[in-house]
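Undergrad: My questions concern the predicted model and sequence given below.
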6 protein chains.
Amino acid sequence: MANKVKAFGEVMMRLHVPGNKKLEQTRALDMSFSGTGVNVLTALGKFGNQTSLITTLPDNNIGEAALSYLQSLRVGVQDIRRDGDHIGMFFLEDGFDLRPSVVTYTNREISAFHQAVASDYQMERILLDTDMVHFCGIGLAVSENARNTMFSIAEKAKERGILVVFDCNFRPKLWKNNIQRARNDYQQMLQLSDVCFMTEKDAIHVLGYATDEVERKSQIQNLIPKVAEKYGIQTIAGTIREQLQDNKHEIEGFLYTNANFYFSKRYVFRIFDRIGGGDGFASGIMHGLRQQFSKEDIIQFAMAAGILAHTTYGDSPISSDKEVWALVSNHDPDIER
Amino acid sequence: MANKVKAFGEVMMRLHVPGNKKLEQTRALDMSFSGTGVNVLTALGKFGNQTSLITTLPDNNIGEAALSYLQSLRVGVQDIRRDGDHIGMFFLEDGFDLRPSVVTYTNREISAFHQAVASDYQMERILLDTDMVHFCGIGLAVSENARNTMFSIAEKAKERGILVVFDCNFRPKLWKNNIQRARNDYQQMLQLSDVCFMTEKDAIHVLGYATDEVERKSQIQNLIPKVAEKYGIQTIAGTIREQLQDNKHEIEGFLYTNANFYFSKRYVFRIFDRIGGGDGFASGIMHGLRQQFSKEDIIQFAMAAGILAHTTYGDSPISSDKEVWALVSNHDPDIER
Amino acid sequence: MANKVKAFGEVMMRLHVPGNKKLEQTRALDMSFSGTGVNVLTALGKFGNQTSLITTLPDNNIGEAALSYLQSLRVGVQDIRRDGDHIGMFFLEDGFDLRPSVVTYTNREISAFHQAVASDYQMERILLDTDMVHFCGIGLAVSENARNTMFSIAEKAKERGILVVFDCNFRPKLWKNNIQRARNDYQQMLQLSDVCFMTEKDAIHVLGYATDEVERKSQIQNLIPKVAEKYGIQTIAGTIREQLQDNKHEIEGFLYTNANFYFSKRYVFRIFDRIGGGDGFASGIMHGLRQQFSKEDIIQFAMAAGILAHTTYGDSPISSDKEVWALVSNHDPDIER
Amino acid sequence: MANKVKAFGEVMMRLHVPGNKKLEQTRALDMSFSGTGVNVLTALGKFGNQTSLITTLPDNNIGEAALSYLQSLRVGVQDIRRDGDHIGMFFLEDGFDLRPSVVTYTNREISAFHQAVASDYQMERILLDTDMVHFCGIGLAVSENARNTMFSIAEKAKERGILVVFDCNFRPKLWKNNIQRARNDYQQMLQLSDVCFMTEKDAIHVLGYATDEVERKSQIQNLIPKVAEKYGIQTIAGTIREQLQDNKHEIEGFLYTNANFYFSKRYVFRIFDRIGGGDGFASGIMHGLRQQFSKEDIIQFAMAAGILAHTTYGDSPISSDKEVWALVSNHDPDIER
Amino acid sequence: MANKVKAFGEVMMRLHVPGNKKLEQTRALDMSFSGTGVNVLTALGKFGNQTSLITTLPDNNIGEAALSYLQSLRVGVQDIRRDGDHIGMFFLEDGFDLRPSVVTYTNREISAFHQAVASDYQMERILLDTDMVHFCGIGLAVSENARNTMFSIAEKAKERGILVVFDCNFRPKLWKNNIQRARNDYQQMLQLSDVCFMTEKDAIHVLGYATDEVERKSQIQNLIPKVAEKYGIQTIAGTIREQLQDNKHEIEGFLYTNANFYFSKRYVFRIFDRIGGGDGFASGIMHGLRQQFSKEDIIQFAMAAGILAHTTYGDSPISSDKEVWALVSNHDPDIER
Amino acid sequence: MANKVKAFGEVMMRLHVPGNKKLEQTRALDMSFSGTGVNVLTALGKFGNQTSLITTLPDNNIGEAALSYLQSLRVGVQDIRRDGDHIGMFFLEDGFDLRPSVVTYTNREISAFHQAVASDYQMERILLDTDMVHFCGIGLAVSENARNTMFSIAEKAKERGILVVFDCNFRPKLWKNNIQRARNDYQQMLQLSDVCFMTEKDAIHVLGYATDEVERKSQIQNLIPKVAEKYGIQTIAGTIREQLQDNKHEIEGFLYTNANFYFSKRYVFRIFDRIGGGDGFASGIMHGLRQQFSKEDIIQFAMAAGILAHTTYGDSPISSDKEVWALVSNHDPDIER
């Protein structure tokens, strides 16, 4: 596959408090750069795909540092604009067991990304060498600029037959009370989407579906086909996640495509770095589709990719496909030497 | 409540070996300052109380560093004396699972705190703006000076109607074979106390009580009322702690007041930083009493405060009351963003 | 002197790249909090003055971290408001010899401080226990809100006979082409000021004075008295600084008061941390005035305080008065042991 | 026992990626030096034995650093040769839960150790003050030079009545397809050995034994006596290890000597640093034999030593015998203070 | 200029001892990746050129880390082969003033780069989009494989009219006594070169020239034209460097082209990171030639680029052209804010 | 020379504030162990001498860490006693240029070393394999115990014909007003000494000599022969040090032996780590005497060793004799590669 997979999304500076301390306890921060698009493309790049991120970075030393970081993740940077002075940031304080982790966002609304409008991007050139574009629902909520640009790219991609991938990533806090506005936006994006990441929660809370099922897996089996049919979505995938004690999760992936459900093995595992876990799963699905794996392989690969992302430092998953397959094969996780 | 809560106690330099190494494996140490009084006041300060520590710090750069550190914890410092050259220190080597943590004390007997005598402190001024004073049983054991000063402050506080809070914190090692001397001192302090932190172990091993009960909770229900009655203590609180495998504890808090017992939820959790966990619990009780929470709320709040203290870096608990209530409400400890 | 010295000013998060690296070379940042007001009050606090900072910090974990940091510097915090989500930030990349240091500001306009308006502050209460207030010219340039609040406090202080101290700190970049607006603002502040920090450059570039003198010291002796007379300023002080090779500066302080000039010794020294050097000097002058040192002592003390600030880590000077006097006495800077 | 216990083995530089990161995520490495012989002697030294390592280190700053490190571990260095330019190295990337740790070896074949031939060592002098020598099976696989030197020392030791200790440590990867060559070498070493560390896996996969037993413990009870008899080995010891979820192992030690089996308690514990765990166990057996503990004590001591090694930073176990006995006594692993 | 500038050269892992310590004093190392080709392309990339490195990296996690690092430096990686297990390494111990820095090489001969032969590289494809190729004389000395590949690429480049750039970088230690072999190789490379970096020392010690001049600048003016003429080299450039006390150098760049000499300003400056300083200068010349700066500008730009490289952390220069021009303009190196 | 050089002296824990910060600015400390005896023996060990330190370390984890550290420095440890709980400590805050470094001692009087009395040491065994013992004047001042033990060892050494080396190291602060007591002690030690380190200051301020000379070198030439004659000291050596600006020193070594003076080259250099510089010089003299270098070589070697000690991290000099000779030969301090 000669063409590239691209993603439209914000790059944020992650300022991570080391040693499980709280921000007020530290004098040092670990800096990295991430974002849903960055994470998905990083994972896809490690699997051997050519990638490119569509975004805007500030035209100063902060942008230069972000650019260097993205390149170290092997993310393609030829579609990145440089403009403005600010970048979105978040402080990450790791919790421990019953003490939750805390993310504090800052500086986001005035970031170069959210100041950029659709016409700032050279759409024609960007979509020329592309066969798949990834979007994330968070962008719909944060700024009108990002929202409009997202629709603009998705529409143009759809017209050109480029696969549109949409990760719902619904964050109630960002939409505040305006659920109706969220529903409109999500419906519009779903109509443009070929591949979508969501769970029964999105169907219920955003799209307004109801179900008599109680158990999560049954809810999914009940609701996801309705969504797929209504919005004409080829493929919907997601995870059924249950939080256990002591930072452990129990998780199972599902893939709904061509009116069939495929489920991965269930895993119980402890989390090392929570952010970007979902992006690891998404990248696995996207890679499997691009490589035309069997459906069964796609969901197994994606779930394993997601789990490795949860157990890897940083938001951006960097496991190789060989490492992902090793986990699928139930490879013994003792030391490799 | 306009008046302050104060604590009389030693400030120690904590030299923590990072990375779960042993002291002989490290070339770097993490320095902080703590102590029972420091810890309790730090937590109370985060809950919004005005605090002040009654202690003596060396009159050199070491004392200056301690002072700066205490202030970063928001502990009130107007009652701190500066004198002498030494500070008590301990080296903390974290264990891992079956390997125990090790604390090595040094330099304690000659510390500015243990060299100071009662008359060095301006008692009148100190007790003027105070409505609660906290003491810790460790001070009784380490030096005659600290012991005498403790009694002197407690007596004067009692006279003035200031609430006297006493945390038994009995450490057999410090008293060596002299259990009789310990018993006398503890009895004397208990008679001065309005609020006391203890468990059935203190009743049995220090005060010499006996019980036919076998199970810990029953022992507590049997013995604590006897202690309260004998010494005229309004409120006694403590925790029933069971150590599980893999650094996990199972814990339940109790509060005995007005002849009634109140118990918290039971929690199972993994420990991040063991020291200061008890002080987190104590601060929760003290805050609840000052705020006149319902008895049920006091013990739930205190137990949650204690657990957060166990899962937070450093000896001194710095969770906000909002964070404590979130744990009480069984808030899902996933990432907050 | 029972009353406090206060400062009105912004608190910024300083994100310092360690090891003289460029931002794009690092994965770690050193975090601290500073600002002109913070720096001046930190130094004054170390000299034994009671201080309080008038500012607004965000009402989240970032603000909490800032507050803890300010307290570790012993800055009084009772006049600090908590509101909003953002704090001004700057990235500091240290240069080396011919490679200049670089400061990149971000997030400043939307900071809690610059969003706050004059009426947000409880002026009456704030000025009640105050006998000196410090202002910095940078605040005039960054936001209308800060500018208006500055004038409002200065005027009210003037009315109450509180000493108004103004540090010109003129930064051409911040005013861009609008020199006329700058001149108006500076003239207005100078009319309110009792003590002012400036050099011949401010007189020429901001206030529009001209002189036939060529040498800097002569220009100062020519222009400063004119400024003092015109605006009715009691005391003007500043430094004559020449940059030498290899990060060295040659520097001499001047004090003009009651129509007389006083000069400090000239020093040649290498710089360790450039930011906050001027604030060290200012704090020395303010301390000397409060303590009613002789004029000769004031300028010697201030210059030595300024030099120690240049050779100390961080923006905020933390030398004790004993250390400052030792440098004045030409104390041999070998190791003290 | 006045004579020394020695070990022949390679010293490798361990370059450990901190913070559970992958190598490509780090800019910093933790450096230490280890190896089977180093590890065994370090543990034996902490138990009070006089030790000496027989090896070759490069004659440059790298060798100097290795030497300093070994001495900090208290390993005797009088039998260490200095020659050549290279040292074997490995990069260690810690995994997390389902993500396995990875060891990447480099530079090993050209190391000073593997370039040295038997005649380079002063055998006579080396064996003079020795009563026990330890060998590791890895050396047989990596180079012809190390293999020949190992046989040469073992034979000379055997002749002199020095106890020969052999740890099979069979690593299939190193022998690739040449199982027959491995079998010959191992048989030759076993014939020279008085004490041997192995499990049923070595008996089956290297020596070609078969058993009808299914359960591991039964296989050991079936096969180990046959091996001991055939090769005339006095003592064989090893562990029965089962890997559980979440980095936990269940483990039980066995000791077969004088035709009797002795088993330790079973432990379940979480692993902190996997490498060197087996060497901790081996050192415990060797120490017990040297000190003529009862057989029951030997295996309990060894298993506890092995577990502490798994929970200690670094490859080389540094627990004292007091700490080992404390674990045997089921000492409560709460904090020691 | 649409085509790329490429470099053929080894990538080495740099293991830097932090804090000016000696290797035996540290437990931590800073890891980066560099090499003459890497350094030159990094600088050229920061100046806006498209670059690509021709090299071989090991096909394991070490190679993966190197690749990620090169990309963070923006070096083009499409011509990098992956093969073998080893990478060349060097340990860097910084000196201080009279104590010299020390570099200890290891693992170089068996590196993937030095094991690769000319036919391993896809020459046709590599030279297709290229208009300039850089070579370094060190490669001639280390292995026959690298030497042959260098000649092979240089010849093919010459045939296609691609500009051949050769940096003599003569290191006597690497050639030991075989000056005749060095001379032959250097003569052969010079005949293929269009641009060459050298000084009078190379002319004298490698090529065997003699001169009656005593002063270095005169020697250069005497010898360089002879070399240029004899080998038909269009452009020769280099620096005249004098080492002063206290880590300071005095330096002046020269450019000889079309039979004319051009000299830069002389600079005196202190060195921060010595390695890669020459590569900064070389990159400046190459950039100037590609951009067709005036000769005067080329040498000023190159010398300033070289100086910034000496004052920047790491081997690989990362100053932007804007920063280089600022130094040329004698921009005041105070803090930029 | 088969016998060992020994030193009697205190081992102190050095807690060094990194990054030129003040103690109140740091949360991390670098830990090492040093002392005059440790430093001298470390240097002598690097030069190839067998060494052993006569001291007492606490019998806990702190002592264990000290022991491991000393061994990493290659100091012989067979004469070290283990007893008590405490070790002397000092905090080291590095200054910068005009800001002086500060050393804060703590915990010294109660240290295991100063609690030990002469009879605790097994004198006979200790002096058996010794041909040179080093003492430091600081020990005379700190405790009666150390003072008495020092005299006891020196006398016994003298009796056995073992060379007694005494470094005056007079610190006025430690003796307070009691100059007469100091004089008595020093006179007593000088009478026992064969080799002594001192300057004209010791002669004047401690021993009470007077001289008409003004210049330091002349004072030395005038006074040192008188001291040598009076106390019958074979060899006296020291340095003439002048402190320049910007952390630079100008220094020249002198050696007086057999009634002749020998002087080293004069060096101007910048200091990296001040403590232990004098011990580097002393070790050079002692090594030269043991190796029977020419007098000229001894003083050149010693001065170069002293300078390298000033430019090396840590108190304990670890330069090899090869590195010292390289500096003597005026070897160019560029990078060695």
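TA: It's in. It should be emphasised that the depicted structure is a prediction, and the values quoted were computed from it without experimental measurement.

Undergrad: Burial check on the residue lying closest to A:Met12 once chain neighbours are set aside, number of neighbours?
TA: Spatially, and ignoring its direct neighbours in sequence, A:Met12 is nearest to A:Gly88 (4.3 Å; CB to CB, 6 or more residues apart in numbering or on different chains). (Each C-beta comes from the backbone N, C-alpha and C, glycine too.) By other CB atoms under 10 Å in any protein chain shown, the residues close to A:Gly88 number 21.

Undergrad: Show the contacting residues for A:Gly88.
TA: With contact set as CB atoms under 8 Å, 6 or more residues apart in numbering or on different chains, A:Gly88 has these partners: A:10-13, A:105-108, A:111, A:113-114.

Undergrad: Neighbour count and secondary structure added to those, as JSON lines?
TA: Shown next, in JSON lines, are the contacts of A:Gly88 (neighbours: other CB atoms under 10 Å in any protein chain shown; DSSP: H, G, I helix; E, B strand; the rest coil):
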{"residue": "A:Glu10", "neighbour count": "25", "secondary structure": "coil"}
{"residue": "A:Val11", "neighbour count": "27", "secondary structure": "coil"}
{"residue": "A:Met12", "neighbour count": "24", "secondary structure": "strand"}
{"residue": "A:Met13", "neighbour count": "25", "secondary structure": "strand"}
{"residue": "A:Tyr105", "neighbour count": "18", "secondary structure": "strand"}
{"residue": "A:Thr106", "neighbour count": "24", "secondary structure": "strand"}
{"residue": "A:Asn107", "neighbour count": "22", "secondary structure": "coil"}
{"residue": "A:Arg108", "neighbour count": "20", "secondary structure": "coil"}
{"residue": "A:Ser111", "neighbour count": "28", "secondary structure": "coil"}
{"residue": "A:Phe113", "neighbour count": "28", "secondary structure": "helix"}
{"residue": "A:His114", "neighbour count": "22", "secondary structure": "helix"}
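
Undergrad: Can you name the residues in contact with the helix-or-strand element of chain A with minimal mean pLDDT?
TA: The helix or strand of chain A with the poorest confidence is helix A:172-175; it has a mean of 86 (mean pLDDT, DSSP states H and E). Defining contact as CB under 8 Å, 6+ apart, one finds that helix A:172-175 is touched by A:138, A:141-142, A:181-182, A:205, B:337.

Undergrad: now the strands for the stretch 151-300 of chain A?
TA: Per DSSP state E, counting those that start in this stretch, the stretch 151-300 of chain A carries strands over the ranges A:163-167, A:195-197, A:235-243, A:248-257, A:260-270.

Undergrad: Alpha carbons of the first one, as PDB, please.
TA: As requested, the backbone C-alpha atoms of strand A:163-167 are provided in PDB (Å, rounded to 0.1, in the frame of the first residue of the first chain):
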ATOM      1  CA  LEU A 163     -11.200   5.900   4.200                       C
ATOM      2  CA  VAL A 164     -12.600   8.000   7.000                       C
ATOM      3  CA  VAL A 165     -11.800   6.700  10.500                       C
ATOM      4  CA  PHE A 166     -13.500   8.300  13.500                       C
ATOM      5  CA  ASP A 167     -12.800   7.700  17.200                       C
END
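
Undergrad: Check the burial of the residue in the stretch 101-250 of chain A that chain D sits nearest to by counting its neighbours.
TA: At 7.5 Å from chain D, A:Lys248 is the closest residue in the stretch 101-250 of chain A, using CB to the nearest CB. Counted with other CB under 10 Å, residues neighbouring A:Lys248 total 17.

Undergrad: With adjacent residues omitted, what lies nearest to it?
TA: Nearest residue to A:Lys248, sequence neighbours excluded (CB to CB, 6+ apart): A:Arg270, at 5.1 Å.

Undergrad: The one you found and A:Gln245, how far apart?
TA: Per CB to CB, to the nearest Å, A:Arg270 is found 10 Å from A:Gln245.

Undergrad: between these two, which one's more packed in?
TA: Taking neighbours as other CB under 10 Å, A:Arg270 and A:Gln245 compare with A:Arg270 leading, 17 against 13.

Undergrad: Spit out the contact partners of that one.
TA: A:246-248, A:311, D:96-97, D:246.

Undergrad: now do 7 Å
TA: Neighbour list for A:Arg270: A:247-248, D:97, D:246 [criterion: CB atoms under 7 Å, 6 or more residues apart in numbering or on different chains].

Undergrad: Next one, pLDDT for it please.
TA: Note for A:Arg270: predicted pLDDT of 92.

Undergrad: in stretch A:233-241, what's buried?
TA: A:233, A:235-241 (16 or more other CB atoms under 10 Å in any protein chain shown).

Undergrad: For chain F, what is the nearest residue in chain A?
TA: Nearest residue of chain A to chain F: A:Arg27, at 5.7 Å (CB to the nearest CB).

Undergrad: Return the distance of that residue relative to A:Leu92.
TA: 16 Å.

Undergrad: before we move on, what about A:Ala203?
TA: Counting by CB to CB, the gap from A:Ala203 to A:Leu92 is 29 Å.

Undergrad: Over to A:Cys168?
TA: Distance of A:Cys168 to A:Leu92, given as CB to CB: 22 Å.

Undergrad: do A:Thr130 as well
TA: When A:Thr130 is compared with A:Leu92 (using CB to CB), they lie 32 Å apart.

Undergrad: Please say which of the two ends up with more neighbours.
TA: In this view A:Thr130 and A:Leu92 are compared by other CB under 10 Å, and A:Leu92 has more residues nearby, 23 against 19.

Undergrad: didn't the more buried one look like it was pressed against A:Met13?
TA: No: the pair A:Leu92 and A:Met13 does not pass the contact test of CB atoms under 7 Å, sitting 10.8 Å apart.

Undergrad: number of nearby residues for A:Asn260?
TA: 9.

Undergrad: For beta bridges, what are the partners of it?
TA: Note on A:Asn260: beta-bridge partners by DSSP bridges are A:Thr257.

Undergrad: Check it and give its pLDDT.
TA: pLDDT, A:Asn260: 97.

Undergrad: re the thing from before, dump the contacts of A:Arg270 to CSV, plus pLDDT.
TA: Formatted as CSV, the contacts of A:Arg270 follow (pLDDT from 0 to 100):
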residue, pLDDT
A:Asn247, 85
A:Lys248, 91
D:Asp97, 91
D:Asp246, 81
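
Undergrad: thinking again about what came up before, so among the buried residues of stretch A:233-241, where is pLDDT lowest?
TA: Least confident entry in these, by pLDDT: A:Arg241, with 92.

Undergrad: Hmm, that residue is touching A:His249, no?
TA: Yes: contact criterion CB under 7 Å: A:Arg241 and A:His249 qualify, at 5.7 Å.

Undergrad: hey, what's the residue in chain A positioned nearest to chain B bridged with?
TA: Relative to chain B, the nearest point of chain A is A:Val103 (3.5 Å; CB to the nearest CB). Beta-bridge partners recorded for A:Val103 (DSSP bridges): A:Leu92.

Undergrad: low-confidence ranges in chain A?
TA: Flagging of chain A using pLDDT under 70 yields the residue ranges A:1-2, A:331-337.

Undergrad: Show me what from it comes close to chain E.
TA: A:68-69, A:71-72, A:74 (CB under 7 Å from any CB of the partner chain).

Undergrad: Show the residue spans covered by the helices in the stretch 201-337 of chain A.
TA: Taking DSSP state H, counting those that start in this stretch, the helices of the stretch 201-337 of chain A run over residues A:216-231, A:277-291, A:295-310, A:321-328.

Undergrad: Tell me which residues of the last one come out buried.
TA: Going by neighbour count (16+ other CB under 10 Å), the buried part of helix A:321-328 is A:321, A:323-324, A:326-328.

Undergrad: Out of those, the closest to D:Phe254 would be?
TA: Checking the buried residues of helix A:321-328 against D:Phe254 by CB to CB gives A:Ala326 as the nearest, at 31.2 Å.

Undergrad: which one is that closest one nearest to, not counting chain neighbours?
TA: Excluding the flanking residues, the one nearest A:Ala326 by CB to CB, 6+ apart is D:Pro100, at 7.7 Å.

Undergrad: still on that earlier bit, among the helices of the stretch 201-337 of chain A, which is nearest E:Phe293?
TA: Comparing the helices of the stretch 201-337 of chain A against E:Phe293 with CB to CB, the closest turns out to be helix A:277-291 (44.8 Å).
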